[in-house]
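Q: Sharing a sequence plus its predicted fold:
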Amino acid sequence: MKYSVFSLLKNAFSGHKNWQAAWRNPDPKPEYDIIIVGGGGHGLATAYYLAKEHGLKNIAVLEKSWLGSGNIGRNTTIIRSNYLLPGNNPFYELSMKLWEGLEQDFNFNAMVSQRGVLNLCHTDAQRDAFARRGNGMRIDGVDAELLDAHAVREMYPYFDFENPRFPIKGGLLQRRGGTVRHDAVAWGFARGANMRGVDVIQGCEVQGITIENGKVVGVQTSRGSIKCKKLALCAAGHSSEVASMAGLKLPIESHVLQAFVSEGLKPFIDGVVTFGAGHFYVSQSDKGGLVFGGDLDGYNSYARRGNLPMVEHVVEAGVAMIPAISRVRTLRSWGGVMDMSMDGSPIIDKTSVHGLYLNAGWCYGGFKATPASGFCYAHLIAKDEPHKVATAYRLDRFRRGLMLDEKGQGATPNLH
Amino acid sequence: MLIPCPHCGTRPVEEFTFLGDATVIRPTSLEPSSMDDWMDYVYLRDNPRGNYAEYVQHSGGCRAWLVVTRNTGTHEVHSAVAAKAMKAKP
């Protein structure tokens, strides 16, 4: 069923009793042409674009839990394309363009809201770095504006501009950045893939990968063995575990990142603002809660929860930036498991095993990349060659010394 | 998380700085033929869910380097020993 004002009216007159389920709940077939491991945003987007752009059928997405139970349901919903490196930003800009047309494309309200993403700067050196990044973005055709303190003050007069340690000197603004309703992204892609014949199978955990003569031939799952011609791993957070089933060792560590939501407030912050120097960023959800977060806890973890010192650190930074929120109560906090790669950039590539593809290492930047990640991964799986904006995301870049290190931190996953 | 520092006793996690995997071994050779070993050492990680030995510095205390064994699935800390003592073992 296509969602529209007419379908809404029709169903309103029949008491909303005749809505169809948004996707089927099929049992796994014995064999598929392509199996995607992981029913999160990236996996579902990959299935959607494989079916839509490449006309492929006979595809399954295997999800060990329920759809979107991983990081697509745990992020802070920010989209932006404000990277510096030539290997990175055209990819993120493709993602931004896909976001801009996504809701019409997959006929689902994902609440894409281009409310602007502002990065604050506090020193002359940081402003110079922002000017360089903004120019880099403009070279790639992305919008970027360097604001002085006065312009930031016009937007957010209640920030602590005279903070003794981090006085606000200006910022880099991408007006096309913003937020998206994250769960709806998973649901929209799942529904769109399902409509095109993809089997989206929940509660089906991959427990082993069968390789014969250097080629993938199938997977063992909690619901039996399934054969396949191509196997696409897309289990960020747990990529190392899944890849180890195929004997691969990845340049990735799993780390925990926490996020928080406050009680509902009246409209207060209309964009996304990041205070990178203090490890804090914030936006306000449509329900009124401040959605905010900071940096990694810093130790390897698969626990999906962090520790209290980082909670304290993030809240301190938040109050330093916006003193007015000092008495706002936090409602919820949670943690997600990040695939932290060794250079802070993702991997979309073939592997040494024939027919085995890898999409991993998204660090904490995976949400904004969801459409382009699915688009480029689908291109790689269908055509066996990387999409032109994802040619830098090769697995062998570490061996070849072609790192994509936006932050310049080196091989230190907990500092990216 | 509380970490039992062998010098300072049980201390809270915010006093510690995490470096990472303590099982990787730095190659001694600088020959081009040892590139695979260097690749393993610098970039590749087992990244286990479960027991994990990691280098941790008690940066907010005695500043000693420790090897902490911890469960990455539950955050349960099993042991913390001085990295030097660990290294001295054959």
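A: Alright, I've got the coordinates. Keep in mind that what you see is a predicted model, and the values were worked out from it rather than measured. Numbering: from 1, shown residues only, chains lettered A, B, ... in the order given.

Q: Let me know the helix or strand that the one residue sitting closest to the centre of chain A is in.
A: The geometric centre of chain A, computed from its C-alpha atoms, lies nearest to A:F367 (Cα atoms, centre = their mean), at 1.5 Å. Using DSSP states H and E, A:F367 sits within no helix or strand.

Q: so how far is stretch A:402-416 from its chain's centroid?
A: In terms of Cα atoms, centre = their mean, to the nearest Å, the centre of stretch A:402-416 is found 18 Å from the chain centre.

Q: Does it reach chain B?
A: Yes: in terms of Cβ under 8 Å from any Cβ of the partner chain, part of stretch A:402-416 sits within range of chain B, namely A:411-414. All C-beta spots, glycine's among them, are computed from the backbone N, C-alpha and C.

Q: So for that stretch, could I get the coordinates as CSV, restricted to C-alpha?
A: Only the C-alpha atoms of stretch A:402-416 are listed here, as CSV (Å, rounded to 0.1, in the frame of the first residue of the first chain):
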residue,chain,number,x,y,z
LEU,A,402,46.3,5.3,2.7
MET,A,403,44.5,6.1,6.0
LEU,A,404,41.5,8.4,6.1
ASP,A,405,42.2,10.0,9.4
GLU,A,406,40.0,13.1,9.7
LYS,A,407,41.2,13.8,13.3
GLY,A,408,44.9,12.9,12.7
GLN,A,409,44.9,10.6,15.8
GLY,A,410,46.7,7.6,14.3
ALA,A,411,45.8,4.0,15.2
THR,A,412,44.0,4.8,18.4
PRO,A,413,40.4,3.7,18.2
ASN,A,414,39.4,5.2,21.5
LEU,A,415,40.6,8.7,20.6
HIS,A,416,38.8,9.0,17.2
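
Q: list the helices and strands the helix or strand hosting A:S373 packs on?
A: Of the helices and strands defined by DSSP H and E, A:S373 is found in helix A:370-383. In this structure, helix A:370-383 packs against helix A:41-54, helix A:89-106, helix A:182-195, strand A:224-233, strand A:347-350, strand A:356-360, with contacts taken as 3 or more Cβ pairs under 8 Å, 6 or more residues apart in numbering or on different chains; DSSP states H and E.

Q: which helices and strands does the first one pack with?
A: In terms of contacts (3+ Cβ pairs under 8 Å, 6+ apart), helix A:41-54 is packed against strand A:31-37, strand A:59-62, helix A:182-195, helix A:370-383.

Q: Can you name every helix or strand that the third one contacts?
A: Using 3+ Cβ pairs under 8 Å, 6+ apart as the contact criterion, the secondary-structure elements in contact with helix A:182-195 are helix A:41-54, strand A:59-62, helix A:89-106, strand A:199-201, helix A:370-383.

Q: And those: which comes nearest A:F161?
A: When the helices and strands packed on helix A:182-195 are compared for distance to A:F161 using Cβ to Cβ, the nearest one is helix A:89-106, at 29.6 Å.

Q: can you tell me which residues contact residue 46?
A: Chain wasn't specified; assuming chain A. With contact set as Cβ atoms under 8 Å, 6 or more residues apart in numbering or on different chains, A:T46 has these partners: A:36, A:232, A:234, A:359, A:373-374, A:377-378, A:381.

Q: ah, I was thinking of chain B
A: The neighbourhood of B:D46, defined by Cβ under 8 Å, 6+ apart, consists of A:240, A:244, A:249, B:21, B:23.
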